[in-house]
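Peer 1: no sequence on this one, just coordinates:
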């Protein structure tokens, strides 16, 4: 490519009846000045184009990097999403299993409590029947004692046992039996109350 210096240094051979040297030199100077301006602008344009090409290559590299990063981010997001879904499903299954176990345990506890209540109620009724039977026996014994006629006074030897003493001993023996029955009844009642309270405490726990 011709440079402005080439135009300045250009010389032509002289011949007869040729062009005017002054006009040619003046034209060459003007041409060199314009060409130098155009040449400078061309160089600046080329340098700017080089800069633009460099920036474009950098942008292309950045675009490739961003695209790769975006693809990686999408893959990571998908992986995280799948992992979260699996973890959520696992948590749901575990929660359902625990809930089913809790319900089953509660149902089993309810059945056990009901069975204990039924058993306690049956035992209580049985004890009540026994207590009523003991009371009836004691009442019958008292009635029998009340209906026993008083013994006749008979003279007996001094050393012989008096009938009143025998009657007193009999009454004392019957009274002791009655006390034993009442004591047994009270013990049974206390045992029944203790068993019922213990069952209630276990049911509350």
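Peer 2: Now that the structure is in, tell me what you want to look at. If you're wondering where the values come from, they're calculated on a predicted model, not measured in any experiment.
Peer 1: buried sites along stretch 85-93?
Peer 2: Across stretch 85-93, burial judged by 16 or more other Cβ atoms under 10 Å covers no residue at all. Using the backbone N, CA and C atoms, a C-beta is placed for each residue, glycine as well.
Peer 1: An error on my part: the question was meant for stretch 106-117.
Peer 2: By neighbour count, with 16+ other Cβ under 10 Å as the criterion, stretch 106-117 contains no buried position.
Peer 1: What average pLDDT does that stretch get?
Peer 2: Computed over stretch 106-117, the mean pLDDT rounds to 89.
Peer 1: What of stretch 134-148?
Peer 2: 77.
Peer 1: Pass me the low-pLDDT residue ranges in this structure, would you?
Peer 2: Low-confidence segments of the chain, defined by pLDDT under 70, are located at 1-4, 6-8, 10, 12-19, 146-205.
Peer 1: make it 90
Peer 2: Judged by pLDDT under 90, the chain has its weakly predicted residues at 1-44, 46, 55, 59-64, 66-68, 70-71, 74, 110, 112, 114-205.
Peer 1: quick one, helices of it?
Peer 2: Taking DSSP state H as the test, the helices found in the chain are 4-9, 21-147, 163-204.
Peer 1: and residue 82, how far is that from residue 93?
Peer 2: Between residue 82 and residue 93 the distance is 16 Å, computed by Cβ to Cβ, to the nearest Å.
Peer 1: my bad, residue 52
Peer 2: For residue 52, the distance to residue 93 - Cβ to Cβ - is 60 Å.
Peer 1: same thing with residue 127?
Peer 2: Here the distance between residue 127 and residue 93 works out to 50 Å (Cβ to Cβ).
Peer 1: got it, and residue 48?
Peer 2: Going from residue 48 to residue 93 by Cβ to Cβ gives 66 Å.
Peer 1: Could you do residue 130 as well?
Peer 2: In this structure, residue 130 and residue 93 are 55 Å apart, going by Cβ to Cβ.
Peer 1: Kindly report the same for residue 119.
Peer 2: Taking Cβ to Cβ as the measure, residue 119 and residue 93 are separated by 38 Å.
Peer 1: what do you get for residue 36?
Peer 2: Per Cβ to Cβ, residue 36 is found 84 Å from residue 93.
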